[in-house]
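In: Using only what follows, build the 3D model:
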Amino acid sequence: MSNPLEELEEQADARKRTGRQPGGSRNPRRKPTGGDDVKTKAAAELAAREKEAERRRAEREAEEKAPADSGPTADEPDGSQGPPEPEPLSKRPKSTPFYPNPEDEDFLWQVHEAATARREKIPTTAVLRFALRRLSDQMTPSEIVRALSGPVQTRGKMGRPRR
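Out: Numbering: from 1, shown residues only. All right, here's what the predicted structure looks like:
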């Protein structure tokens, strides 16, 4: 019969080597899993992800090549550049802060009061989306930039003055 202290040390060494507690899960309802089965599932999942990523990459390349290969359309004359393509959604900011001035805030409050009088709930974001849709129907982005930008500075100092 061996020493119980030596048996405990052997069990501790076995736990250190495997990194897991002997005896499996403490949850009696959980089924024991074989290590090889988990590894094969993980390898299959990784292969599926890589295959999906490769398929997406091929689709993107095909989309990029298609506009380059096609000639000018009837709407677009030779040599003219169309509007630049919008950036993918993943590069856009998640939210845009809105800081209304007091007049705009008063107007939004009046809209809120009118909605409350009709027993409706209209959030401020819905009002802003509606206003942006109306603005996009009436003006192009370049017209909006021209309307909001000040006069172009042609002379004088630009930038922050040095001390």
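In: Show me the shaky parts of this protein.
Out: Applying pLDDT under 70 to the chain picks out residues 1-2, 17-38, 66-90, 93, 152-154, 157-158.
In: Which residue ranges of it form helices?
Out: 4-18, 35-69, 102-117, 124-138, 141-148 (DSSP state H).
In: May I see those organised as JSON lines, with mean neighbour count and distance to Arg162 added?
Out: All C-beta atoms are positioned from the backbone trio N, CA, C, and that covers glycine. Shown next, in JSON lines, are these (neighbours: other Cβ atoms under 10 Å; distance: least, Cβ to Cβ, whole Å):
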{"stretch": "helix 4-18", "mean neighbour count": "10", "distance to Arg162": "64"}
{"stretch": "helix 35-69", "mean neighbour count": "10", "distance to Arg162": "45"}
{"stretch": "helix 102-117", "mean neighbour count": "12", "distance to Arg162": "35"}
{"stretch": "helix 124-138", "mean neighbour count": "11", "distance to Arg162": "40"}
{"stretch": "helix 141-148", "mean neighbour count": "10", "distance to Arg162": "29"}
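In: would you turn these into JSON lines with distance to Thr96?
Out: Listed next are the helices of the chain as JSON lines, based on distance: least, Cβ to Cβ, whole Å:
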{"stretch": "helix 4-18", "distance to Thr96": "52"}
{"stretch": "helix 35-69", "distance to Thr96": "27"}
{"stretch": "helix 102-117", "distance to Thr96": "15"}
{"stretch": "helix 124-138", "distance to Thr96": "10"}
{"stretch": "helix 141-148", "distance to Thr96": "15"}
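In: Please identify which of those is closest to Lys94.
Out: helix 124-138 (14.1 Å; Cβ to Cβ).
In: tilt between that closest one and helix 102-117?
Out: 110 degrees (axes from the mean of the first three to the mean of the last three Cα atoms, to 10 degrees).
In: Give me the helices and strands touching helix 124-138, please.
Out: helix 102-117 (3 or more Cβ pairs under 8 Å, 6 or more residues apart in numbering; DSSP states H and E).
In: how much space between Gly95 and Glu9?
Out: You called it Gly, but residue 95 is Ser. 58 Å (Cβ to Cβ, to the nearest Å).
In: How about Lys51?
Out: For Lys51, the distance to Glu9 - Cβ to Cβ - is 47 Å.
In: From Thr125, how far out is Leu108?
Out: 10 Å.
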